[in-house]
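>>> Need a 3D model of the sequence below.
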Amino acid sequence: MKRQAELQSFKSYSSGIRILLLFMGLWPVENSNVFYKLIPYFLGSVLLIVTSASMNFAIHYHYNLMIALKGVSISLSYLATTVKVICYVIHRKKLMKLEKTLHELLTEQENNKNNDELIKTALTPVFNFRRLSVSLSFCSFSVVTTYFLTPVISMIKQYKNNIRPIKYLLPYPTLYPYAIEGGSLLWIIHFIIETYACFTLFTITASVDTSFAFYSSRVIGQFRVLSNNIRSLKFKGNYEKRIQGYIVHHRKLITCCELLQDIHGPIVLAILLTTALIMCSLTFQISQMETISIKQTILFVVYIAVKLAQTWVYAWSGEMIAAESEDFRKAVYECGWETSDNKTVKHCILFMLMQKPLILQACNYTQISAQLFVAILNTTVSYFFLLQTINDD
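Sure, this is the predicted structure:
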């Protein structure tokens, strides 16, 4: 009963991620129609509009660092989100192959009705990472909702208090290369675009970042299954066939890690380059405020929490994959293979021992590990003091 409950919970979680990616046009669908194929390009256009307009805002107010940084932080967030869309569009086939490979491995274990421990071992990391993913999604939703509601509430208050003319606001600090009259059709169009961008930002964060954690945790679970199988291996009976199966299993996990790296490497690099600047910008804005409202405090804290959680999802996933792949090599070394007289088996064992620990790379620039998280925090502090120096001058 518990086995079925775990599988059902896993399938529900998997379906939720797939639905979000489908909604964004990022899930690889075979023989999809033209409309579905065009969704990501429409998303990318909206994201680039907000990125450009917020950066234009920052450039226009370059003489006022506090105001300019508001545009910079928004622009960088949307730039990183645009990279996510591009990567998932380019690597549709790789994402499909990754899903298919991991699904096949889990199906093999699911068909083994006599060993419930296999399913528990494979799925426990998924459920652990799910908690972090849900927290990230909730914080992200809170941030975009705040940006959307702030101008709406302001305009409603002006209307109720008979303040005329009403100051029409947009969700983000943006500046377009043409005048937008408040309340006009053009203003309505831009308000809709920026509102759509708000919830696109949330949906992509909740799907793409969660997707990386989801697939990484499945790889971690499969490594644990493989390590447990190796540790329980007895060198008698038909053990040669089992060892060959373990090699195939291990080869599939190596392929999955390569696919994860190819799909998400540029995304991690974009996060590395933008997150430190965004958190530095937010921290600097807080430090320069003489008075700060509860709403502003919550927004800044939650926004920073989103960026930290986002970074941690990638960093910890990469760290755990490296740790589990190393633990697998340790399990192989300690399985008692030296007692076997079968040379073929010894060669198979040595083949697995020769494999290096799997360390994910972000475009061959940096490792995706816990050190990535530490590096971003250190860079944030450095940028913060640099901004203070510039501001003092």
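>>> Now do the same contact list for the residue most central in space within the chain.
For the chain, the residue nearest the mean C-alpha position is D209 (1.7 Å; C-alpha atoms, centre = their mean). Residues near D209 by C-beta atoms under 8 Å, 6 or more residues apart in numbering: 133, 136, 310, 313-314. Every residue, glycine included, has its C-beta placed from N, CA and C.
>>> how near is M55 to Y63?
Distance, M55 to Y63, using C-beta to C-beta, to the nearest Å: 16 Å.
>>> more crowded one of these two?
Legend: neighbour count by other C-beta atoms under 10 Å for M55 and Y63, higher for M55 (20 against 7).
>>> what helix or strand does the more buried one sit in?
Using DSSP states H and E, M55 sits in helix 34-60.
>>> I'd assumed I180 was in contact with L186.
Yes: assessed by C-beta atoms under 8 Å, L186 is found in contact with I180 at 5.3 Å.
>>> Show me which of these two is the more surrounded one.
Taking other C-beta under 10 Å, L186 and I180 do not tie; I180 has more neighbours (17 against 14).
>>> just so I have it, where are all the strands in the stretch 251-393 of the chain?
361-362, 366-367 (DSSP state E, counting those that start in this stretch).
>>> and these, which one is worst for confidence?
Between the strands of the stretch 251-393 of the chain, the lowest average pLDDT goes to strand 366-367, which shows a mean of 85.
>>> Not counting its own residues, what contacts that strand?
For strand 366-367, contacts defined as C-beta under 8 Å, 6+ apart pick out 268-269, 272, 318, 359-361, 372, 375.
>>> Now rank those by neighbours and give me the top one.
G318 (29 neighbours).
>>> Need the pLDDT of it.
90.
>>> what residues are up against it?
216, 359-360, 367-369, 372.
>>> a helix runs through V134, doesn't it?
Yes: using DSSP: H, G, I helix; E, B strand; the rest coil, the assignment for V134 is a helix.
>>> what about it, how many neighbours?
By other C-beta under 10 Å, 14 other residues sit near V134.
>>> try L386
12.
>>> Next, work out how far apart it and L277 are.
Taking C-beta to C-beta as the criterion, L386 is separated from L277 by 11 Å.
>>> okay, the residue lying closest to F384 once chain neighbours are set aside: pLDDT?
Spatial nearest neighbour of F384, excluding adjacent residues (C-beta to C-beta, 6 or more residues apart in numbering): C280 at 4.9 Å. For C280, the model assigns a pLDDT of 87.
>>> C280 touches T380, doesn't it?
Yes: checked against C-beta under 8 Å, the pair C280 and T380 is within contact range at 4.9 Å.
>>> picking that back up, for whatever helix or strand comes next after the helix holding M55, packing partners?
Using DSSP H and E, the helix or strand that follows helix 34-60 in sequence is helix 65-90. Counting contacts by 3 or more C-beta pairs under 8 Å, 6 or more residues apart in numbering; DSSP states H and E, helix 65-90 packs against helix 34-60, helix 185-204, helix 239-288, helix 370-392.
>>> repeat that for 7 Å
Secondary-structure packing of helix 65-90 (3 or more C-beta pairs under 7 Å, 6 or more residues apart in numbering; DSSP states H and E): helix 34-60, helix 185-204, helix 239-288.
>>> could you dump the ones you listed to TSV with distance to L76?
Output for these, formatted as TSV (distance: least, C-beta to C-beta, whole Å):
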stretch	distance to L76
helix 34-60	8
helix 185-204	12
helix 239-288	4
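>>> Now stretch 166-180: buried residues?
168-175, 180 (16 or more other C-beta atoms under 10 Å).
>>> what's around V374, how many residues?
Neighbours around V374, by other C-beta under 10 Å: 11.
>>> Run the chain-centre distance for the helix or strand S14 falls within.
Using DSSP H and E, S14 sits in helix 2-23. Averaging C-alpha positions (C-alpha atoms, centre = their mean, to the nearest Å) puts helix 2-23 17 Å from its chain's average.
>>> Please apply the same query to stretch 297-304.
The mean C-alpha position of stretch 297-304 is separated from the chain mean by 19 Å, C-alpha atoms, centre = their mean.
>>> Now it: average pLDDT?
82.
>>> where in this protein is pLDDT low?
Applying pLDDT under 70 to the chain flags residues 1, 113-115, 235-237, 336-342, 345, 393.
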